[in-house]
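In: model this:
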Amino acid sequence: MPRIVTYNVHRCVGTDRRLDVARIADALGRLAPDIVALQELDVGRRRTNHVDQAHEIAERLEMAHHFHPAFRVEEELYGDAILTACPERLVKAAALPGLPRVRGLEPRGAVWVEVTIGGRALQVINTHLGLVPREQQVQAAELAGPAWLQHPDCRAPTILLGDFNATASSIVYRTLTRQLQPARRLAPVRQPSSTFPSALPVLRIDHVFVGEGVVVRDVFAPYDPIFRAASDHLPLVMDFDLL
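Out: So this is what the prediction gives:
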């Protein structure tokens, strides 16, 4: 049964303030995922010792990876990635719209990879939305539109996942669930799935949305000590089958 994980790794700095890329890779390795969507990765940044975190995590997990920098400062990059050991190809990596008149907002983006599982082509889109509600709504509308989920190449089965910085009561959530189904609601058994903050998780702001042809078998957030320490988010895990 395939497993996909979304994980905001907080530039691999844990709740103990320790920078540890290997700990993130070890935590993910314990979950034995087939596909991983990561947010808040540093690549070549001074603050995290110039390490290419996307490459290092992928190498430790023996996976290929596609990284999209949401923003860059000269040679320093920061963004999101999709990792997998399955056959894959990059479909799209692009910025999402923001609020140009509001200063200081962090640029956001998304990355779309086609992953082949059991001979089936699965469309996987990973994103990390902004912190301001209006900004999130603009970005969710973009994802739900012809550039992404309604693009002719985004044929079922499809999974959209990531850190949406929005709960199930938000406009963002309602916008995306017009296109896809929330995986949590489709799981046969409801398990704990709050992911933030990792030390005492009470919020569900990391989500997995699925389209036709994806059968959700389980959705959960692991609460083991390594996950509570490795990042300020817990990973969100989904086991699934493809029809």
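
In: pretty sure residue 140 is in a strand, no?
Out: No: Residue 140 is assigned helix when assessed by DSSP: H, G, I helix; E, B strand; the rest coil, not a strand.

In: so how far is residue 243 from it?
Out: When CB to CB, to the nearest Å is the yardstick, residue 140 and residue 243 sit 26 Å from each other. C-betas here are computed from N, CA, C, even on glycine.

In: If you count surrounding residues, which of the two has more?
Out: Relative neighbour count places residue 140 above the other of residue 140 and residue 243, with 23 against 9, counting by other CB atoms under 10 Å.

In: need the contact list for that one.
Out: 129, 164, 166, 171, 172, 175, 176 (CB atoms under 8 Å, 6 or more residues apart in numbering).

In: Give me the pLDDT for the second one.
Out: Listed pLDDT for residue 164 reads 98.

In: show me the contacts for the closest residue to it other than its chain neighbours.
Out: On the basis of CB to CB, 6 or more residues apart in numbering, the spatially nearest residue to residue 164 that is not a chain neighbour turns out to be residue 129, at 4.9 Å. By CB under 8 Å, 6+ apart, the residues touching residue 129 are 96, 108, 135, 136, 139, 140, 162, 163, 164, 165, 166, 172.

In: In three-state terms, label the residue nearest to the spatial centre of the chain for me.
Out: Taking CA atoms, centre = their mean as the criterion, residue 162 is the residue nearest the geometric centre of the chain, at 2.9 Å. When the structure is reduced to helix, strand and coil (three-state DSSP), residue 162 reads as strand.

In: so it touches residue 7, yeah?
Out: No: with contact defined as CB atoms under 8 Å, residue 162 does not count as touching residue 7 (9.5 Å).

In: Can you work out which residues contact both of those two?
Out: With contacts taken as CB under 8 Å, 6+ apart, the residues that reach both residue 162 and residue 7 are 37, 39, 206.

In: where do the helices sit along the protein?
Out: With helices called from DSSP state H, the chain shows them at 21-31, 53-61, 133-144, 171-176, 183-186, 225-230.

In: Can I get those in TSV including mean pLDDT?
Out: Supplementary listing: these in TSV, determined by pLDDT from 0 to 100:
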stretch	mean pLDDT
helix 21-31	98
helix 53-61	98
helix 133-144	97
helix 171-176	98
helix 183-186	97
helix 225-230	98
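
In: and those as JSON lines, adding distance to residue 120?
Out: Written out in JSON lines, the entries for the helices of the chain read as follows (distance: least, CB to CB, whole Å):
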{"stretch": "helix 21-31", "distance to residue 120": "22"}
{"stretch": "helix 53-61", "distance to residue 120": "22"}
{"stretch": "helix 133-144", "distance to residue 120": "22"}
{"stretch": "helix 171-176", "distance to residue 120": "23"}
{"stretch": "helix 183-186", "distance to residue 120": "18"}
{"stretch": "helix 225-230", "distance to residue 120": "30"}
